[in-house]
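> structure for this input, please:
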Amino acid sequence: MAGILDLFIPKERKFFEYLDKQITLLNESSVILKNLIKTERTNENKYHKEVVLLRKKSDEVDYISREIISHLHKTFITPIDRDEIKALSTHLGFIVDALEKIASTIYLFKIKILDKKFIKQIQILLQSVHLLKYVFEEPLSPKRNKETIEKIKELEREADAVYRTAIGELFSNGKDPIDIIKRKELYDITEDAIDDICQVSDLLETIIINNS
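Predicted structure coming up:
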């Protein structure tokens, strides 16, 4: 029979279920984006359809974030620090928003050809999402998760190098100013998304150490 305190303390597992759903939506969004950039030449009709779908997933992640914050106000004891739960949820939302924004920018700016540096950025982003999902699914263990988190950090450093090279080439090749603005926007959004993944991995590393 449950004790008195059990009547006042909501089930802790709810937060893990919310975060797991956000990770699932992030993974689904990454698969959509991966399919969109399979070729350098874009398809306007295909992008329009997938942008709508990505927007729905982004809205769902934002809804879950609001639910998490609401439950945090009602929960006396949380499985991990409540600020860590909020930060995880918020940054996952940022990443999903970025994936939608990348596809929307390509579609709205009518970018017909994706350059190789941007495609490399996206490949790093998608690989980082895959590794982040792996960390979330694995039991909290410093030994088991350390290698994966280090890989995410290595990818972030690689992405920084790609970004700097891409920006340098963009401003030195005498391209049309409007095209420069469009492509820099894509580079910036993707770079920020990769940075957010690295921040989530740093936070997960702290949580794993504190709860191992």
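
> which parts of this protein are helices?
4-8, 13-36, 44-74, 82-108, 116-137, 142-172, 177-211 (DSSP state H).

> save those helices as CSV, and put in mean pLDDT and mean neighbour count too.
(Each C-beta comes from the backbone N, C-alpha and C, glycine too.) Below are the helices of the chain laid out as CSV (pLDDT from 0 to 100; neighbours: other CB atoms under 10 Å):
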stretch, mean pLDDT, mean neighbour count
helix 4-8, 39, 8
helix 13-36, 90, 18
helix 44-74, 91, 15
helix 82-108, 93, 21
helix 116-137, 94, 19
helix 142-172, 91, 15
helix 177-211, 91, 18
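
> OK, contacts around R55?
Residues near R55 by CB atoms under 8 Å, 6 or more residues apart in numbering: E100, S104.

> now do it against L99, distance only.
Distance, R55 to L99, using CB to CB, to the nearest Å: 10 Å.

> S29 now?
5 Å.

> what's in contact with stretch 30-47?
Counting by CB under 8 Å, 6+ apart, 50, 53-54, 57, 99, 102-103, 106-107, 110-116, 119, 122, 125-126, 129-130 sit against stretch 30-47.

> just the terminal-to-terminal distance for it.
From its first residue to its last, stretch 30-47 covers 14 Å (CA to CA, to the nearest Å).

> give me the distance from it to the chain's centre.
18 Å (CA atoms, centre = their mean, to the nearest Å).

> repeat for stretch 200-212
17 Å.

> repeat for stretch 87-98
Remark: stretch 87-98 is offset 6 Å from the chain centroid, using CA atoms, centre = their mean.

> before we move on, the earlier item: hey, what's in contact with both of S29 and L99?
L54, S58.
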